[in-house]
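1. what's the 3D shape of this:
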Amino acid sequence: MKELSLNILDIAMNSVRAGAKNVGIKIDETDKSLVFTVSDDGKGMSEEFLKRASDPFCTTRTTRNVGMGLPLLKLAAQQTGGDTEIKSISEDDDRVNHGTVIKAFFYKNTVDFTPLGDIVSTLVTLIQGSPDIHWTFNHKKGGGDVSLDTNALKNVLGDVPLDTPDVLVWIKEYLTEQYDSLPG
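-> This is a model prediction of the structure:
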């Protein structure tokens, strides 16, 4: 993928398809590295499926026989000297504490580093497509951070849905203002 934000979109949509009610996206970025984590409380993966999750011919989708998201993410990370890590607990194994955590580590000082891209539009797209999910986002960068918690927004908005066009525009502006105020 041309931007890491598209990988994040793909992983987060897998969380939605897995029935997650809570999805967290965390990015820790320095001058030398970028680490992102997507965690959810979806149905999780069995140990057997987890062992094959980075195989392009392993997918839960019924519309096609290949799943390239995780293999391409792993390749992108490894090309920079980084890697990926996937932890998952299946709902069948633990009815209470189940879900998946995907972490990707990238070194930025290489020609093979894929830029983060338009993470603001990715977040707005996720919220628009799944407004009932509790989305949390935090990006630590350059001594500052950008964050969003949709439950906090819901508390303020009351009965106004998050996917209302005016709310989505506000979310985009809110995140953009936070990014614009970061040092450096």
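2. pLDDT below threshold where in the protein?
-> 1, 49-68 (pLDDT under 70).
3. again, 90 this time
-> 1-2, 44-72, 75, 89, 93-95, 142-143, 183-184 (pLDDT under 90).
4. After the helix or strand that contains residue 70, which helix or strand is next?
-> Under the criterion of DSSP states H and E, residue 70 resides in helix 69-79. The C-terminal neighbour of helix 69-79 among helices and strands, as given by DSSP H and E, is strand 83-89.
5. what's that following strand in contact with?
-> Residues from elsewhere that reach strand 83-89 (CB atoms under 8 Å, 6 or more residues apart in numbering): 44-45, 50, 53-54, 70, 73-74, 77, 97-105. Bear in mind the C-beta positions are built from the backbone N, C-alpha and C, glycine included.
6. change it to 6 Å
-> For strand 83-89, the surrounding residues in contact (CB atoms under 6 Å, 6 or more residues apart in numbering) are 44-45, 50, 53, 73-74, 77, 98, 100-105.
7. What strands flank it, and is each parallel or antiparallel?
-> Sheet pairing of strand 83-89 (DSSP bridges) gives strand 99-107 (antiparallel).
8. roughly how far out does the helix or strand just after the partner strand sit from the chain middle?
-> Downstream of strand 99-107, the first helix or strand assigned by DSSP H and E is helix 119-129. Its chain's C-alpha centre and that of helix 119-129 lie 10 Å apart, by CA atoms, centre = their mean, to the nearest Å.
9. Would you mind extracting the C-alpha trace of the longest helix belonging to the chain into CSV?
-> Looking across the chain with DSSP state H, the single longest helix is helix 165-180. C-alpha atoms of helix 165-180 as CSV (Å, rounded to 0.1, in the frame of the first residue of the first chain):
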residue,chain,number,x,y,z
PRO,A,165,-22.0,15.1,8.1
ASP,A,166,-21.5,18.2,10.3
VAL,A,167,-20.0,16.0,13.0
LEU,A,168,-17.7,14.3,10.6
VAL,A,169,-16.5,17.7,9.3
TRP,A,170,-15.9,18.8,12.9
ILE,A,171,-13.9,15.6,13.7
LYS,A,172,-11.7,16.2,10.7
GLU,A,173,-11.1,19.8,11.6
TYR,A,174,-10.5,18.9,15.3
LEU,A,175,-7.8,16.3,14.3
THR,A,176,-6.3,18.6,11.7
GLU,A,177,-6.0,21.4,14.3
GLN,A,178,-4.2,19.0,16.7
TYR,A,179,-1.8,18.0,14.0
ASP,A,180,-1.2,21.6,13.0
